[in-house]
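S.K.: coords below, sequence missing:
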């Protein structure tokens, strides 16, 4: 499926190379004898003819009965729920845009349980919880009269849950590079929301101190559960950070052999340069934890470096970049680091299930694309 990126004409990307303090980072070593291979199995999930099949967010969830469910949010505020094993649609949740249950245009969700789902609207500093009928249970506005930096987590890439509480760390706007560790810890920029009593407040930083040294904080973290804690990673850093309490962090340098240099892009005011730099940028993207096998998947986007400014940048920008997948075991060994043919797969719509990694083949460049279903090819870690 084509990815039309809406970029304001007044903005441009210019490269910002950034690094993070690695002196305390344990290096992740490559471990041979493993490969990420297709099971030659395709799973298809039918989409009703009256429902837009364009995906914003997709995620698997295991309910209290140990049944695996698939949640799919489309671009028209429909949240579809499937039985993953049977590949059957079991529920359609329509999230209202207006009225007492309205959230405007929804960009992300996170399932707490089948009757409590976190919803985040686009371009608003708000979040809420709905039940399985789409009825609003609660809503908070964390953008009004804020003293500290804000963030828009449209697709919930760095929300994390601990018990009855949700935490949302904020982007660090401005220059934080001169602040020492004690100064850093004094700030309260993380939103804490209690689902039980529906209260919220600002608490500590909940991100690694080294992140303040990044030139751009907008390329924020990707958070994933892992083992008995969580991992935080950044688009422009090879390092990942493991934590159990979001106060202390253990860093690991996990550099892909397929990445020569990472780049971050900054926004200014040349639209053509904006497109050019975005197309050429290389960065780490999403994290996925495999709780069934205790693996951590780290995705990355590879820049198209042979692009000229005289090329048709709009057309090239609409074509997906090559991507890679790095897989770490529970000891932080890199057991897989593989580049995929992005003319077939759409990594942004991937998720983990009991069978392995479900990699979307619903990309518009795929000649066998089925417009009436969400289609996935299953990959698993095999030993050579």
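M.R.: Structure received. Keep in mind the model is a prediction, meaning the values are calculated, not measured. Numbers count the residues shown, from 1 in each chain.
S.K.: can we go C-alpha only for contacts and neighbour counts from here?
M.R.: Will do.
S.K.: quick one: the helices in the stretch 151-300 of the chain?
M.R.: 181-186, 271-280 (DSSP state H, counting those that start in this stretch).
S.K.: which among these is found nearest to residue 335?
M.R.: helix 271-280 (27.2 Å; C-alpha to C-alpha).
S.K.: residues contacting residue 188?
M.R.: When contacts are counted by C-alpha atoms under 8 Å, 6 or more residues apart in numbering, residue 188 touches 148, 202-205.
S.K.: nearest to residue 358, of those residues?
M.R.: When the contacts of residue 188 are compared against residue 358 (criterion: C-alpha to C-alpha), the nearest one is residue 205, at 33.6 Å.
S.K.: my guess is that closest one contacts residue 183, does it?
M.R.: No: using C-alpha atoms under 8 Å, residue 205 is not in contact with residue 183; the gap is 10.9 Å.
S.K.: who has more neighbours, those two?
M.R.: It is residue 205, of residue 205 and residue 183, that has more neighbours when counted by other C-alpha atoms under 10 Å, with 22 against 10.
S.K.: quick one: residue 102 and residue 96 touch, right?
M.R.: Yes: counting by C-alpha under 8 Å, residue 102 touches residue 96, with 4.5 Å between them.
S.K.: taking the contacts of residue 188, please make a PyMOL selection of just the buried ones.
M.R.: Entered in PyMOL, the line below selects the buried ones among these, by 16 or more other C-alpha atoms under 10 Å:
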select buried, resi 202+203+204+205
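S.K.: hmm, which of the contacts of residue 188 is lowest in pLDDT?
M.R.: Lowest pLDDT among those: residue 148, with 42.
S.K.: where along the stretch 1-150 of the chain do the strands fall?
M.R.: With DSSP state E, counting those that start in this stretch, the ranges of strands along the stretch 1-150 of the chain come out as 13-16, 26-27, 34-46, 55-62, 68-74, 78-83, 88-94, 106-113, 116-121, 126-130, 136-141.
S.K.: what about stretch 33-49, distance to the chain center?
M.R.: 20 Å (C-alpha atoms, centre = their mean, to the nearest Å).
S.K.: got the contact list for it?
M.R.: By C-alpha under 8 Å, 6+ apart, the list of residues contacting stretch 33-49 reads 53, 82, 87-89, 335-336, 338, 372-384.
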